[in-house]
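Enquirer: output the structure for:
(2 chains)
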Protein chains: 2
Amino acid sequence: MDYNSLIQAIRKKQSFLCVGLDTDIDKIPAHLKTSADPVFAFNKAIIDATAKYTVAYKPNTAFYECLGAEGWKSLQKTAEYIKRNYPGILLIADAKRGDIGNTSAMYAKAFFEHMPFDALTVAPYMGSDSVSPFLGFSGKWTVVLALTSNPGSADFQTLDCGGSKLFEKVLRRAQAWGSKENLMFVIGATRADMLAEVRKAAPGNFLLVPGIGAQGGSLEEVAACGMTKDCGLLVNSSRAIIYAGDGPSFDTAAGQEAKKLQAAMQAILKEMDILQG
Amino acid sequence: MDYNSLIQAIRKKQSFLCVGLDTDIDKIPAHLKTSADPVFAFNKAIIDATAKYTVAYKPNTAFYECLGAEGWKSLQKTAEYIKRNYPGILLIADAKRGDIGNTSAMYAKAFFEHMPFDALTVAPYMGSDSVSPFLGFSGKWTVVLALTSNPGSADFQTLDCGGSKLFEKVLRRAQAWGSKENLMFVIGATRADMLAEVRKAAPGNFLLVPGIGAQGGSLEEVAACGMTKDCGLLVNSSRAIIYAGDGPSFDTAAGQEAKKLQAAMQAILKEMDILQG
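Expert: Predicted coordinates for the structure are as follows:
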């Protein structure tokens, strides 16, 4: 999915919502527990209920890996279901991978060839040759962690490294490895105060912004500081949407929550005059 | 596997060798390709041929993930085979994971509960709450990336951050989260010149050292600069051992290569007077 298709999807759906499929087997409603693949059954219902409000889905691989090979099957089925039924939606694997070059290439194969993901989150610590293999796949996106939404982000990411913070170094150096057509950054919504700095270092790249909802970030603040003329934001909500309800109508509750966020996003997109293209 | 058991294993086997099971399906000898699980068949033969020379095995998850759920089955079978047949050998998942706290806990479950790994490599970029969940598992090890063996390590890891390099900050801060009983660091053998600095910042922790062999690091240099009175080193070799041969006797060739490295390690351990405990 290329840059222009992503912007068109945002304009058409009047949304820049990404739904995080962080599906915890212990939180799946009771009536699904007896199905052959409860994780996929849950995801399928959530996807069908939220697809018209969202431009991206983002399963976090940890929630699937903790179930072993069965979990990987659920992940693969989920990815294939989205691509088959909602081909215009960006499919992001939140895997935070990164290794030496030839090994990163194996991870790229895992997500971009063996599974039909459009994008993958990648950790920057190992530098250029750990990130570049992902950028070599045509039509795919690499989403580099820059400033994350957790408290530990203050341990290293905001360290002063000769006049600029580590996350700013990451933002600037990574732009030499890719372009705004294939490179996004993860910027936590809980750090909205730093979005102005982020936009100085990375004016044109899409930002994938987790931390709205359960983690406490504000959609309006993120939009005010981080939006570009092409929107340039994918704002993720996981728990607040997928666990909005917990009974037989959990999917309806999830759809309503996604719709609320989409309505708030539509208002922002109108106000910022981004809907015309 | 606790700290003392690891040292005893090193003394008993007169080795600090870790064999990297980076099993590339495309490099498996032809006669194994028709077996039901070629990756496991290859690993089993390599393990049986090298177990008496090694104190640790380290599969890199990328090589398994790129085969999807089938690859995860091969990984699980490999881990279980090692634990069942060679329970005194440390089993490290080279996964370089790391995420916000509740998600890192899921990764910990994946490797420490669903699979029988003793240790896991973890990326430090997201800070304390991304690493701490792994350290909460009794008898398990967390191996934090500090200074890696790839060229890209110069992009961020050696940046000056207020008088010390980023990897030194990682070494020092991480020691507040764990102890030498449950925390190791990855230090690339290609950076042996920096091992003296590493030992100033982390005098007592075990170091997992990749980069010997195919990547060009020297065992003798690493030992001279990095060894402690308890050895304190696990030196990894992957490709140089597992692809030492490529015909029907590939396992014999791997065993011979491991034996050579073990002999070199034995000489170093004797010279450094580490074999008596």
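
Enquirer: other SSEs contacting the longest helix seen in chain A?
Expert: As assigned by DSSP state H, the longest helix anywhere in chain A is helix A:250-271. For helix A:250-271, the packing partners by 3 or more CB pairs under 8 Å, 6 or more residues apart in numbering or on different chains; DSSP states H and E come out as helix A:3-13, strand A:17-21, helix A:38-50, helix A:219-226, strand A:233-237, helix A:239-242. From N, CA and C alone the C-beta is placed, and that goes for glycine too.

Enquirer: run the last query once more with 6 Å
Expert: helix A:38-50, helix A:239-242 (3 or more CB pairs under 6 Å, 6 or more residues apart in numbering or on different chains; DSSP states H and E).

Enquirer: other residues contacting the longest one?
Expert: Here helix A:38-50 makes contact (CB atoms under 6 Å, 6 or more residues apart in numbering or on different chains) with A:19, A:21, A:23, A:28, A:32, A:35, A:74, A:77-78, A:81, A:242, A:251, A:254-255, A:258.

Enquirer: mean confidence for the helix or strand following it?
Expert: Beyond helix A:38-50 on the C-terminal side, the first helix or strand identified by DSSP states H and E is strand A:56-59. For strand A:56-59, the mean per-residue pLDDT is 98.

Enquirer: show me what contacts the residue lying farthest from the centre of chain A?
Expert: Computed with CA atoms, centre = their mean, the residue of chain A farthest from its C-alpha average is A:Gly162, at 30.5 Å. By CB under 6 Å, 6+ apart, the residues touching A:Gly162 are B:Asp160.

Enquirer: mind checking pLDDT for it?
Expert: 88.

Enquirer: ramachandran coordinates for it?
Expert: phi 60, psi 50 (degrees, to the nearest 10).

Enquirer: so which residues on the stretch 51-200 of chain A come close to chain B?
Expert: A:60, A:62-63, A:65-66, A:68-69, A:72-73, A:96, A:99-100, A:103, A:106-107, A:109-110, A:114, A:123, A:125-130, A:148, A:150-153, A:155-156, A:159-162, A:173 (CB under 6 Å from any CB of the partner chain).

Enquirer: helices - which of these land there?
Expert: Per DSSP H, these map to helices at A:62-63, A:65, A:68-69, A:72-73, A:103, A:106-107, A:128-130, A:153, A:155-156, A:173.

Enquirer: kindly reformat the helices and strands packed on helix A:250-271 as a markdown table containing mean pLDDT.
Expert: Shown next, in a markdown table, are the helices and strands packed on helix A:250-271 (pLDDT from 0 to 100):
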| stretch | mean pLDDT |
| --- | --- |
| helix A:38-50 | 98 |
| helix A:239-242 | 95 |
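
Enquirer: could you dump those helices into CSV with distance to A:Ala263 and mean neighbour count added?
Expert: Formatted as CSV, the helices and strands packed on helix A:250-271 follow (distance: least, CB to CB, whole Å; neighbours: other CB atoms under 10 Å in any protein chain shown):
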stretch, distance to A:Ala263, mean neighbour count
helix A:38-50, 13, 22
helix A:239-242, 14, 22
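
Enquirer: would you mind giving the ones you listed as JSON lines with distance to A:Gly178 added?
Expert: Shown next, in JSON lines, are the helices and strands packed on helix A:250-271 (distance: least, CB to CB, whole Å):
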{"stretch": "helix A:38-50", "distance to A:Gly178": "29"}
{"stretch": "helix A:239-242", "distance to A:Gly178": "29"}
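
Enquirer: show me just the buried residues among the residues of the stretch 51-200 of chain A next to chain B.
Expert: A:60, A:62-63, A:65-66, A:68-69, A:72-73, A:96, A:99-100, A:103, A:106-107, A:109-110, A:114, A:123, A:125-130, A:148, A:150, A:152-153, A:155-156, A:159, A:161, A:173 (16 or more other CB atoms under 10 Å in any protein chain shown).

Enquirer: so A:Ile212 sits against A:Val235, correct?
Expert: Yes - judged on CB atoms under 6 Å, A:Ile212 makes contact with A:Val235 at a distance of 5.5 Å.

Enquirer: measure stretch A:150-167 end to end?
Expert: 14 Å (CA to CA, to the nearest Å).

Enquirer: kindly report the same for stretch A:99-114.
Expert: Across stretch A:99-114, first to last residue, CA to CA, it's 18 Å.

Enquirer: same deal with stretch A:204-212?
Expert: Start-to-end, stretch A:204-212 (CA to CA) is 22 Å.

Enquirer: is any part of that stretch close to chain B?
Expert: No - remark: stretch A:204-212 sits outside contact range of chain B, by CB under 6 Å from any CB, the gap being at least 8.3 Å.

Enquirer: list the buried residues in that stretch.
Expert: A:205-212.

Enquirer: how far out from the middle of the chain is it?
Expert: 8 Å (CA atoms, centre = their mean, to the nearest Å).

Enquirer: give me the residues contacting that stretch.
Expert: A:143, A:149, A:180, A:183-190, A:217, A:219, A:222, A:226, A:232-237.

Enquirer: list the buried residues of stretch A:258-269.
Expert: Across stretch A:258-269, burial judged by 16+ other CB under 10 Å covers A:258-259, A:261-262, A:264-266, A:268-269.

Enquirer: so where is the stretch 101-250 of chain A shaky, pLDDT-wise?
Expert: The model of the stretch 101-250 of chain A has pLDDT under 70 over residues A:214-215.

Enquirer: count the residues that sit near A:Asp118.
Expert: Residues near A:Asp118, counting by other CB atoms under 10 Å in any protein chain shown, number 24.

Enquirer: how close does it sit to chain B?
Expert: From A:Asp118 across to chain B, the span is 17 Å (CB to the nearest CB, to the nearest Å).

Enquirer: how about A:Ala267?
Expert: To chain B, A:Ala267 is 29 Å away according to CB to the nearest CB.

Enquirer: do you know the pLDDT at that residue?
Expert: 97.

Enquirer: ok, A:Thr103 touching B:Tyr64?
Expert: No - the criterion here is CB under 6 Å, and A:Thr103 misses it with B:Tyr64 at 11.4 Å.

Enquirer: nearest to A:Val55, of the contacts of helix A:38-50?
Expert: A:Val19 (9.5 Å; CB to CB).

Enquirer: ok, that closest one touching A:Thr54?
Expert: Yes - between A:Val19 and A:Thr54 there is a contact under CB under 6 Å: 4.9 Å.

Enquirer: backbone torsions only: list them for A:Ile92.
Expert: Dihedral angles for A:Ile92 - degrees, to the nearest 10 - are phi -110, psi 130.

Enquirer: neighbours of it, how many?
Expert: A:Ile92: 26 neighbours (other CB under 10 Å).

Enquirer: TSV for the buried residues of stretch A:258-269, including distance to A:Leu135?
Expert: Output for those, formatted as TSV (distance: CB to CB, whole Å):
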residue	distance to A:Leu135
A:Ala258	31
A:Lys259	35
A:Leu261	30
A:Gln262	31
A:Ala264	33
A:Met265	28
A:Gln266	32
A:Ile268	30
A:Leu269	29
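
Enquirer: ok, the residue lying closest to A:Phe137 once chain neighbours are set aside - how many residues close by?
Expert: What sits nearest to A:Phe137 in space, not counting adjacent residues and going by CB to CB, 6 or more residues apart in numbering or on different chains, is A:Phe112, at 4.8 Å. Residues lying near A:Phe112 (other CB under 10 Å) number 22.
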